[in-house]
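Participant: No letters, just coordinates:
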């Protein structure tokens, strides 16, 4: 099928498609929106053409290749092209992880292929990381591949607005306005309304909103607004020569990238940078990951008898240069998985004007106010509106919605809904979504599918060093369940989005894998040992099992858990 001809994207469409579906659709359209022109039918209605949605569709098509040639999918996205938040990524962004395991299973992204130039046989290379532009071009190719099957119909610049509970029809509005106001709420104004009848609806449950997709998260004085910019604009502003001082808000991966870019690419002296870091964080150091099996061995030290706490886990990572912290006198309480090169980490350490007064709550004409009561003064703008200070927005609101509530499930039987977003494989959205699609194709009901999905939720979904250990623990449970399914092992080890897949590790990838897991190193014991350590409360600073008992788990799993 051909892609629908749709107008250019509107910045007004920056609200989450998941959030827009919170309230049921009314039977009558708004005054600005036309009545439904047609009723479309499909098996799966997928809301969101980002990494999760594209990976899900790809596996759905692959697994239905022979068993269901009539499968029909409608893909809806608020932007003008696939890629999700990558469509608003800052110009100098690159993947955190390797290209070889990012994207969809059926199409390579990495540059390393076999000698004949065929793939996907991508080699693991920690420094082979796609840029934001590369990722967008890649997803365009993925989309073209989907459309060639004749099974996928696409509507871009479109908003999902809900379901009519009477007719059980879903509604989308294909926008045709060109309003560039990011904060506009009139996203449906002038749109063409279409109704969709589907068997299953697939929604992205989290909400990745990057700075360029929104306005400021905190109040900003009108005199400062022209000098408070998303990270996307920092390079052009810095090279303009108008600023002598730079205040960067946020010390996650985006904030770190902004600081590194200012120093490395814009020639800014570290003394000119003030970095507002609300909390201390751990960073992963990419250089150590250059040797895949060395990284695996360091992670395995988590189950060493001497490493008897979460704190010691991270201090061990630091000892072997897998992790780092800017302030070595304080133990960071936050870890979201930001990964940087060693030389980039060293650059961050050259910034000495680091402000730690909690979160900024507002920017006034001549000072920044913090939630802990402190303030930071700066030279206010001149009467002509010029300012010597640039304020760089790298802030994140609620970790993009990855904090799923207790009792949240991926599969819902009652309303035929599938929620993408929960991380089933540590920091791997691509494999998590593909895994979800595999379960959808091979298991009969929501309960059996959910029994193969363990992820952080409820009180355990905060981004801490503890949650990283929990993520790995729940990943072992998820993989254990997957490998017991018919076809599960073949799917898992043949998935290019699986970093452990033999195809990423050279000509003797499978032999290496078997040797590492069942030879002298005995890596196959790691998941068993990690599960035992957590379920018997073997870490002195951990007295729970990350809510595993709240899932619809097997009796065996529940009995193994020691209570305190």
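Facilitator: Good, I have the coordinates. The structure displayed is predicted, hence computed values, not measured ones.
Participant: Tell me the helix or strand right after the one helix or strand in the chain whose mean pLDDT sits lowest.
Facilitator: When the helices and strands of the chain are compared on mean pLDDT, DSSP states H and E, helix 17-20 comes out lowest with a mean of 36. Counting by DSSP states H and E, the next helix or strand C-terminal to helix 17-20 is strand 39-47.
Participant: Show me what that following strand pairs with in its sheet, parallel or antiparallel.
Facilitator: strand 73-76 (parallel), strand 192-204 (parallel) (DSSP bridges).
Participant: ok, residues contacting the next helix or strand after the last one?
Facilitator: Going back to what we said before, that points to strand 192-204. Where DSSP H and E defines the elements, the next helix or strand beyond strand 192-204 is strand 228-230. Contact partners of strand 228-230, identified using CB atoms under 8 Å, 6 or more residues apart in numbering, comprise 90, 210-212, 216, 220, 237, 363, 390-393. Bear in mind the C-beta positions are built from the backbone N, C-alpha and C, glycine included.
Participant: Which parts of the stretch 151-300 of the chain are helices?
Facilitator: In the stretch 151-300 of the chain, the helices defined using DSSP state H, counting those that start in this stretch lie at 234-239, 253-264, 292-300.
Participant: Look through this protein and report the residue furthest from the middle.
Facilitator: No residue in the chain sits farther from the centre than residue 383, which is 42.5 Å out by CA atoms, centre = their mean.
Participant: what about the spatially most central residue of the chain, distance to residue 423?
Facilitator: For the chain, residue 429 is the residue whose C-alpha lies nearest the centre (CA atoms, centre = their mean; 5.9 Å). Per CB to CB, to the nearest Å, residue 429 is found 7 Å from residue 423.
Participant: Please apply the same query to residue 356.
Facilitator: As defined by CB to CB, residue 356 lies at a distance of 29 Å from residue 423.
Participant: More neighbours: which of the two?
Facilitator: More neighbours surround residue 423 than the other of residue 356 and residue 423, with 22 against 16 (other CB atoms under 10 Å).
Participant: Assign that one to helix, strand or coil.
Facilitator: Secondary structure, DSSP: H, G, I helix; E, B strand; the rest coil: residue 423 is coil.
Participant: My guess is it contacts residue 404. True?
Facilitator: No - judged on CB atoms under 8 Å, residue 423 makes no contact with residue 404 at a distance of 9.7 Å.
Participant: Residues that sit against both of those two, list them.
Facilitator: Shared contacts of residue 423 and residue 404, counting by CB under 8 Å, 6+ apart, come down to 455-456.
Participant: Pick out the shakiest of the strands paired with strand 39-47, pLDDT-wise.
Facilitator: Comparing mean pLDDT across the strands paired with strand 39-47, the lowest value falls on strand 192-204: a mean of 94.
Participant: Tell me how far the nearest residue to residue 62 once chain neighbours are set aside lies from residue 529.
Facilitator: Leaving aside its sequence neighbours, residue 62 sits nearest to residue 106 (CB to CB, 6 or more residues apart in numbering; 6.0 Å). Here the criterion is CB to CB. By it, residue 106 lies 35 Å from residue 529.
Participant: now residue 385
Facilitator: Residue 385 is 62 Å from residue 529, where distance means CB to CB.
Participant: quick one, which of those two is more surrounded?
Facilitator: Taking neighbours as other CB under 10 Å, residue 385 and residue 529 compare with residue 529 leading, 17 against 9.
Participant: now the strands paired with strand 39-47 as CSV including distance to residue 479?
Facilitator: Compiled in CSV, the strands paired with strand 39-47 are given as follows (distance: least, CB to CB, whole Å):
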stretch, distance to residue 479
strand 73-76, 27
strand 192-204, 22
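Participant: Please tabulate the ones you listed in JSON lines, including the columns distance to residue 110 and mean neighbour count.
Facilitator: Shown next, in JSON lines, are those (distance: least, CB to CB, whole Å; neighbours: other CB atoms under 10 Å):
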{"stretch": "strand 73-76", "distance to residue 110": "25", "mean neighbour count": "26"}
{"stretch": "strand 192-204", "distance to residue 110": "25", "mean neighbour count": "20"}
